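# let's see this in three dimensions:
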Amino acid sequence: MKVAIVFGGAGSERMVSVASAQHMSTYLPEAELWHWLPDRRVQWVDRARLLTHPNPFINPLEPDEHRQPLAVDIDDALEQARQRHLTLVLALHGVDGEDGTLALLCEEAGVAFTGSGSRASRLAFNKLATKTAVQACGVPTLPHLVLSDDGARLDAWGRHWLSECAGVVAKPVSDGSSYGLFMIRSADQWERFLRQPPEVPYMIEPLLNGIEATVGVIEHDGLVALEPVEIRLPDATDFDYISKYLNQVEERCPSTLPSQIVKALKSYAIAAHQAVAAEGYSRSDFIVRDAEIIFLEINTLPGMTQASLLPKELAVANIDIRTFLLRQILLGQIRMARGRFAELATTP
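You can find the predicted model right below:
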């Protein structure tokens, strides 16, 4: 089997990508390891160097300047993959991965790859567009505003949510789920946020108390929703990059949620997967308040690190990670063999 795990990229979640590649490579020892550097070169990485790289969530994997790059840029790398009939296992998160950038380049180059196609990833990466898509399928979502809305209206709703809910959450419209979050719990914090707003588009939602839950969906003899992970946060803790990846939360799988809630979560996760036309696998995040379930977002390239949620769900389902990855590789190869890339790359 000729495969390469591609990781890194230029986005804010490139260190998570390194951690995913570390974990995935232990189950695919035959895979080449391609590090897509922030300067856009692609470098082949020695397996031992990757596996012994310490604390990848906080320590960047620096380029090995003693080694010649595999390719001067990703286009050159993809041409090599095409000529060698390699299938690429995508382990990128955030920009370059979840946003469909590399998927589109693979489609245009005719290179098989794992995960969703570019259109699905591009849609899922845009939280506003995703909301519209899942709402049309009957999946409940939160009310929202965007930072560019009328200032007086934005301020009024923000203050309303501060008084009636747990606060306000502001998140980038198009970015991963671990960076750039603002959890606003006071009028002073809200005023400071409005005075010095981020320069990129932001979505504003009410912050709700409740149980966070996440549900993986995989293609495994049809679409299968895995057992939800129930996420319990200590008091005054936000589910951000630090708490997610540095083990500051309690994650229960199987969950202790009532069976009817679990059934509904699985149904909504499959509906969200289908709404964005995801392929291979995805992970949808929700908040549960008593009998109420609210969709937060979907990820078409969820983390596969040792600390990630999808591997926990696969373990509960008694699906070995190597078996899962080999299935994803096969799905990518079938997609290419059916000649779908040209259609996907050119259809608006």
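# which stretches in this protein count as strands?
Taking DSSP state E as the test, the strands found in the chain are 3-8, 32-36, 42-44, 87-90, 145-146, 167-172, 182-184, 202-207, 211-219, 223-225, 229-232, 250-252, 281-289, 292-299.
# in a markdown table: those strands, plus mean neighbour count and mean pLDDT.
(Each C-beta comes from the backbone N, C-alpha and C, glycine too.) Conversion of the strands of the chain to a markdown table gives the following (neighbours: other C-beta atoms under 10 Å; pLDDT from 0 to 100):
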| stretch | mean neighbour count | mean pLDDT |
| --- | --- | --- |
| strand 3-8 | 26 | 97 |
| strand 32-36 | 24 | 97 |
| strand 42-44 | 20 | 96 |
| strand 87-90 | 26 | 98 |
| strand 145-146 | 17 | 96 |
| strand 167-172 | 22 | 94 |
| strand 182-184 | 19 | 92 |
| strand 202-207 | 20 | 96 |
| strand 211-219 | 24 | 96 |
| strand 223-225 | 17 | 97 |
| strand 229-232 | 20 | 92 |
| strand 250-252 | 14 | 90 |
| strand 281-289 | 24 | 97 |
| strand 292-299 | 22 | 96 |
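# can the ones you listed go into TSV with extra columns for distance to residue 326?
Putting those into TSV (distance: least, C-beta to C-beta, whole Å) gives the following:
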stretch	distance to residue 326
strand 3-8	9
strand 32-36	16
strand 42-44	22
strand 87-90	10
strand 145-146	42
strand 167-172	34
strand 182-184	39
strand 202-207	37
strand 211-219	13
strand 223-225	16
strand 229-232	23
strand 250-252	26
strand 281-289	13
strand 292-299	21
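# so which of those is nearest residue 310?
Across those, residue 310 has its closest neighbour in strand 211-219 (4.6 Å, C-beta to C-beta).
# excluding sequence neighbours, find me the nearest residue to residue 224.
Nearest residue to residue 224, sequence neighbours excluded (C-beta to C-beta, 6 or more residues apart in numbering): residue 218, at 5.5 Å.
# repeat for residue 319
The nearest residue in space to residue 319 (C-beta to C-beta, 6+ apart) is residue 220, at 7.2 Å.
# count of residues packed around that neighbour?
Summarising burial for residue 220: neighbours were counted as other C-beta atoms under 10 Å, giving 15.
# worst-scoring helix or strand of the chain, pLDDT-wise?
Of all the helices and strands that make up the chain, helix 340-346 has the lowest average by mean pLDDT, DSSP states H and E, namely a mean of 51.
# ok, the residue of the chain most remote from its centre to residue 145 distance?
For the chain, the largest distance from the centre (C-alpha atoms, centre = their mean) belongs to residue 152, which lies 33.4 Å off. Residue 152 sits 12 Å away from residue 145, taking C-beta to C-beta, to the nearest Å as the criterion.
# and the pLDDT at residue 1?
Among the per-residue scores, residue 1 shows a pLDDT of 80.
# and the gap between it and residue 325?
Distance, residue 1 to residue 325, using C-beta to C-beta: 11 Å.
# and these two? which has more neighbours close in?
Counting neighbours by other C-beta under 10 Å for residue 1 and for residue 325 shows that residue 325 has the greater number, 19 against 11.
# from residue 169, how far off is the closest residue to residue 69 other than its chain neighbours?
With C-beta to C-beta, 6+ apart as the measure, residue 41 is the residue that lies nearest to residue 69, at 4.4 Å, once sequence neighbours are left out. Taking C-beta to C-beta as the measure, residue 41 falls 37 Å from residue 169.
# swap in residue 109?
The spacing between residue 109 and residue 169, counted by C-beta to C-beta, is 38 Å.
# what does residue 339 give?
Following C-beta to C-beta, the distance that separates residue 339 from residue 169 is 43 Å.
# residue contacts, residue 295?
The neighbours of residue 295, taking C-beta atoms under 8 Å, 6 or more residues apart in numbering as the test, are 131, 134, 139-141, 268, 272, 284-286.
# separation between residue 199 and residue 297?
Counting by C-beta to C-beta, the separation of residue 199 from residue 297 is 22 Å.
# and if you look at residue 309?
From residue 309 to residue 297 the distance is 13 Å (C-beta to C-beta).
# what does residue 61 give?
As for residue 61, its distance to residue 297 is 27 Å (criterion: C-beta to C-beta).
# now residue 119
Applying C-beta to C-beta, the value for residue 119 to residue 297 is 17 Å.
# please apply the same query to residue 332.
Computed with C-beta to C-beta, the distance linking residue 332 and residue 297 is 24 Å.
# again, but for residue 196
For residue 196, the distance to residue 297 (C-beta to C-beta) stands at 25 Å.
# same check on residue 339?
Spatial separation of residue 339 from residue 297 under the definition C-beta to C-beta is 32 Å.
# and stretch 45-59, which residues are buried?
Within stretch 45-59, the residues scored as buried using 16 or more other C-beta atoms under 10 Å are 45, 50, 53, 56-57.
# please read the previous query as pertaining to stretch 120-136.
Counting neighbours by 16+ other C-beta under 10 Å, one finds that the buried residues in stretch 120-136 are 120-127, 130-131, 133-134.
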